[in-house]
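In: have a look at this prediction, sequence included:
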Amino acid sequence: MAFSLFSAKACNPLAARCRDDSSTKLRLRYAPYYHEMESQQGTTVRLQGREMIMLASNDYLGLSFHPKVIEASRAATLKWGTSPTGARVSNGSRAYHVELEEKLAAFLGKEACHVHAAGYLSCLSGVAAFAQKGDVILADKNIHSCLWDGIRLSTATVERFSHNSPDDLRAVASSLPANTPKMMVIEGVYSMEGHIAHLPALLSIANEYECFNVLDDAHGFGVLGRQGRGTCDHFGVTEKVDIICGSMSKSLASTGGFVAGDRALIEYLRTHGKHTLFSAALSPSQAAAAMAALDVLQTEPEHIERLWKNQNRYLAMLRALGLDTWASETPAVPVVLGDKLRCYNFWQALRDKGVFTVISIAPAVPPGKDLIRTAISAGHTDEQLDRIGEAFAYAVNRC
Ligand SMILES: Cc1ncc(COP(=O)(O)O)c(C=O)c1O
């Protein structure tokens, strides 16, 4: 009996497709992903028994080891247990969710907010809940995978426009029937490129063509705007943005995500968004860490100041070495090397010198833009920046 069950499973075409996929084996054996760090202390990690500088984390403000954040997370677990074990709509709603949502909404300058257990879920829901079949979604070509998934799940039609191009947005929008309901989907800061959205121009066109708009500010939150209020605040256009979604796994040193907007929109999301209705709520430790980090953002300006000081020094260092940073303007800094082999060798050379980065190659980036993705943090010390500079100089000479 056991044997026949096993053979039935082995013959299953879906299982066989996964088992026999040659690229899976190749990826796991050779691709530089899924590294298991043995320990971490701030921007220092231990990998295969060796200390390395972490230059690929999205802990932009370096708050994941901040004493207040750690203590809040610990205290919340003691008070509330480890998990709400259910969806908000049924048994999973807690006072700490509402407190975090009210604080985030106030910080972002929106009426209401809803938090999810993953940023991916928030950004996906922030699109999928508000668009439907018959609508047209105008999407920047370079948006994150979670937004593409939200678009797909909405079943709306999608039209792409060139990355961060108000002219192309206008060209696409003007080609659509005036009475078709439309949505524009963009990011505030593009995660791979580090570009800041040309927000005022994009919003003005969206407004002209009556596009509802959704902005994913996962990488702008905590980095841009007053006290880190994000890209909308940076440009002073918060009231013109319908939905701001994002992640708490970056500047907020936690995990989870948020969707913020007018109260009526958030109430609609809560009652109609399947991904909001049928997924378990944010855990106490996640919420408490985010809430404490939000408080630190508003009371300790030195972290953002340090982040930008480090970013300026780091970018200047890379440019002096003649490296192509894809015109990044933010702490998310790609180093474009243009082909896979050079990326791999460069990544390895940095690793030899004790600096951990991440490779991103096509199709994750456009062809010819194969790159090393790095992110600078307020947590990097001057001494670490010196070592990072030496490592890059070594990699440039070798590759
Ligand atoms: C632009 C953007 N949106 C959303 C997400 C999803 O956030 P999380 O990883 O917290 O689920 C990410 C994460 O990489 C991101 O870069």
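Out: Perfect, thanks for sending it. Numbering: from 1, shown residues only.

In: spell out which parts of this protein neighbour the ligand.
Out: Within the chain, the positions near the ligand by CB under 6 Å from any ligand atom are 118-120, 123, 144, 146, 187, 191, 216, 218-219, 247, 249, 255, 257. Bear in mind the C-beta positions are built from the backbone N, C-alpha and C, glycine included.

In: among the residues you listed, name the ones in helices.
Out: Among those, DSSP state H puts 119-120, 123, 146 in helices.

In: and which of those residues is nearest the ligand?
Out: Ranked by distance to the ligand (CB to the nearest ligand atom), these are led by residue 119 at 2.5 Å.

In: burial measure for the closest one, as a count.
Out: Neighbour count of residue 119, defined by other CB atoms under 10 Å: 25.

In: list the contacts of it.
Out: Residues in contact with residue 119 (CB atoms under 8 Å, 6 or more residues apart in numbering) are 146, 218, 246-249, 255-257.

In: make a markdown table out of the ones in helices among the residues of the chain next to the ligand and add distance to residue 309.
Out: Shown next, in a markdown table, are these (distance: CB to CB, whole Å):
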| residue | distance to residue 309 |
| --- | --- |
| 119 | 27 |
| 120 | 31 |
| 123 | 30 |
| 146 | 31 |
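
In: the helices in the stretch 1-150 of the chain, which residues?
Out: Per DSSP state H, counting those that start in this stretch, the stretch 1-150 of the chain carries helices over the ranges 2-11, 13-20, 22-30, 67-80, 95-108, 119-128, 145-154.

In: quick one, which of the ones you listed is nearest to residue 397?
Out: Ranking these by proximity to residue 397 (CB to CB) places helix 22-30 first, at 24.3 Å.

In: tell me the mean pLDDT over that closest one?
Out: Regarding helix 22-30, the rounded mean pLDDT is 68.

In: kindly report the same for stretch 162-175.
Out: The model assigns stretch 162-175 a mean pLDDT of 98.

In: neighbours of residue 70, how many?
Out: The burial count for residue 70: 17, using other CB under 10 Å.

In: who touches the nearest residue to it once chain neighbours are set aside in this structure?
Out: Spatial nearest neighbour of residue 70, excluding adjacent residues (CB to CB, 6 or more residues apart in numbering): residue 289 at 7.8 Å. Residues near residue 289 by CB under 8 Å, 6+ apart: 69-70, 72-73, 76, 252-254.

In: make a ChimeraX selection of the buried ones in those.
Out: With 16 or more other CB atoms under 10 Å as the burial test, the buried ones among the contacts of residue 289 are selected in ChimeraX as follows:
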select :69,70,72,73,76,252,253,254
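
In: same list (the contacts of residue 289) but as a markdown table, adding pLDDT.
Out: Output for the contacts of residue 289, formatted as a markdown table (pLDDT from 0 to 100):
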| residue | pLDDT |
| --- | --- |
| 69 | 98 |
| 70 | 98 |
| 72 | 98 |
| 73 | 98 |
| 76 | 98 |
| 252 | 98 |
| 253 | 98 |
| 254 | 98 |
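
In: give me the below-cutoff pLDDT ranges for the stretch 101-250 of the chain.
Out: Judged against pLDDT under 70, the stretch 101-250 of the chain has no low-scoring part.

In: what about residue 329, which SS state?
Out: Three-state call for residue 329 (DSSP: H, G, I helix; E, B strand; the rest coil): coil.

In: hmm, it is touching residue 196, no?
Out: Yes. Shown here, residue 329 and residue 196 form a contact pair, counting by CB atoms under 8 Å, at 5.2 Å.

In: who's more crowded, the two?
Out: residue 196 (21 against 16).

In: pretty sure the more buried one sits against residue 189.
Out: Yes. Using CB under 8 Å, residue 196 is in contact with residue 189, at 5.6 Å.

In: what residues are shared contacts of these two?
Out: Here residue 196 and residue 189 have 220, 224, 231, 330 as joint contacts, going by CB under 8 Å, 6+ apart.

In: now the helices for the stretch 201-350 of the chain?
Out: For the stretch 201-350 of the chain, applying DSSP H, counting those that start in this stretch gives helices covering 231-235, 263-272, 274-277, 284-299, 302-320, 340-352.

In: which residues touch residue 203?
Out: Residue 203 neighbours (CB under 8 Å, 6+ apart): 213, 237, 240-241.

In: who wins for most neighbours among those residues?
Out: residue 241 (25 neighbours).

In: circling back: distance check, the residue nearest to residue 70 against residue 376.
Out: Going from residue 289 to residue 376 by CB to CB, to the nearest Å gives 22 Å.

In: so who does residue 115 touch?
Out: 97, 100-101, 104, 122, 248, 256-258, 282, 287, 290.

In: repeat for residue 155
Out: Residues near residue 155 by CB under 8 Å, 6+ apart: 132-133.

In: related to what we said a few turns ago, could you single out the nearest of the ones in helices among the residues of the chain next to the ligand to residue 390?
Out: Nearest to residue 390 among these: residue 119, at 33.9 Å, using CB to CB.

In: from residue 220, how far off is the nearest residue to the closest one once chain neighbours are set aside?
Out: Sequence neighbours aside, residue 247 is the residue nearest to residue 119 in space, at 2.6 Å (criterion: CB to CB, 6+ apart). As defined by CB to CB, residue 247 lies at a distance of 11 Å from residue 220.

In: residue 16: neighbour count?
Out: There are 12 residues near residue 16, going by other CB under 10 Å.

In: before we move on, what about residue 250?
Out: The burial count for residue 250: 27, using other CB under 10 Å.
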